[in-house]
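let me see the structure of the following:
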Amino acid sequence: MRRTAIITGGASGIGAAIGRALVVRGHDVVLADVQYEAAERLAEQLTAAGPGAARGVLLDVRYGDQVAHLVRWPGSCPSPGGRRPTR
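Have a look, this model is predicted:
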């Protein structure tokens, strides 16, 4: 089974460094952050460098339903427009 690491605060700093380290080792990562555009830009750079893949998603950890949604379905995410997902 292929696994995906979800990294909160993944757009910059320690989160970005962890994402970079995992992608370099061939893992898939989700860079979850309130700074959606920065997370998406970094994900594109990391995926291009490979061998793993990354994607940026909008996530505000203050909203438990967003976190629960992402953990259940890491392939989907709240919209970049900031709407919170429904259960």
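
rest of the way, CA atoms for contacts and neighbours
Fine.

what ranges do the helices span in the protein?
Using DSSP state H, the helices of the chain run over 13-24, 36-49, 64-72.

could you identify which of these has the lowest mean pLDDT?
Ranked by mean pLDDT, those end with helix 64-72 at the bottom, a mean of 86.

may I see the buried residues of that one?
Buried residues in helix 64-72, counted by 16 or more other Cα atoms under 10 Å: Q66, V67, H69, L70.

before we move on, the earlier item: export the helices of the chain to TSV and tack on distance to R3?
Below are these laid out as TSV (distance: least, Cα to Cα, whole Å):
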stretch	distance to R3
helix 13-24	12
helix 36-49	16
helix 64-72	12
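
quick one, which of these is nearest to I6?
Closest to I6 of the helices of the chain is helix 64-72 (Cα to Cα; 7.8 Å).

residues contacting I7?
Shown in contact with I7 (Cα atoms under 8 Å, 6 or more residues apart in numbering): G15, I18, G19, V29, V30, L31, A32.
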